[in-house]
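Peer 1: whatever this is, show me its structure:
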Amino acid sequence: MRNAVTEIPAAAPASALAHFQSQFAFETDCWDTHAAMATAEPGFVLVDTRTPDLYARGHVPGAINLPHRKIIASRMAAYPASTLFVVYCAGPHCNGAARGAVRLAELGYAVKLMAGGVTGWLDEGFALASGEAEAAA
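Peer 2: Now for the predicted structure:
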């Protein structure tokens, strides 16, 4: 019986493997981000790409606030070229993290998106911090 799921055949296993493995080069999840942020050296800068007001209401602990429109060469020059950034926004319904990732990649930085954003963070049962952002670099 054909339906919307079976109408288009699944990719060959080798193609599926390449596709799904490649996702880890572009994304991370809230659980892995939380675990890394609990260490002394997570190996990345966590960036909340939402507005300062939304950041102040609740953000992932340890994140800096850098709205995607503010990701410009002069501001980012304070970070070494080897810096890895992990970006997030409100959640799956928000494309601010993807916009921030584009800007960072255009500037030559390595970047990953934290899938789920604030919504995913809360869904995992993790707490948010509140308060205004300290001055980002």
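Peer 1: tell me where this protein has strands.
Peer 2: When secondary structure is read from DSSP state E, the chain shows strands at 27-29, 45-48, 64-65, 84-88, 110-115.
Peer 1: adjacent strands (with direction) for the third one?
Peer 2: Which is strand 64-65. For strand 64-65, the paired strands and their directions (DSSP bridges) are strand 45-48 (parallel).
Peer 1: can you give me the mean pLDDT across the strand it pairs with?
Peer 2: Strand 45-48 shows a mean pLDDT of 98 in the predicted model.
Peer 1: chain center to the lengthiest helix in the chain, what's the gap?
Peer 2: Counting by DSSP state H, the longest helix found in the chain is helix 13-26. In this view, helix 13-26 has its centroid 19 Å away from the chain centroid, taken as Cα atoms, centre = their mean, to the nearest Å.
Peer 1: show me where this structure has its helices.
Peer 2: 13-26, 30-37, 52-57, 73-76, 96-106, 117-123.
Peer 1: just to revisit the earlier point, who touches the longest helix of the chain?
Peer 2: Among residues not part of helix 13-26, those counted as contacts by Cβ atoms under 8 Å, 6 or more residues apart in numbering are A10, A11, K112, L113. Backbone N, C-alpha and C define where each C-beta goes, glycine included.
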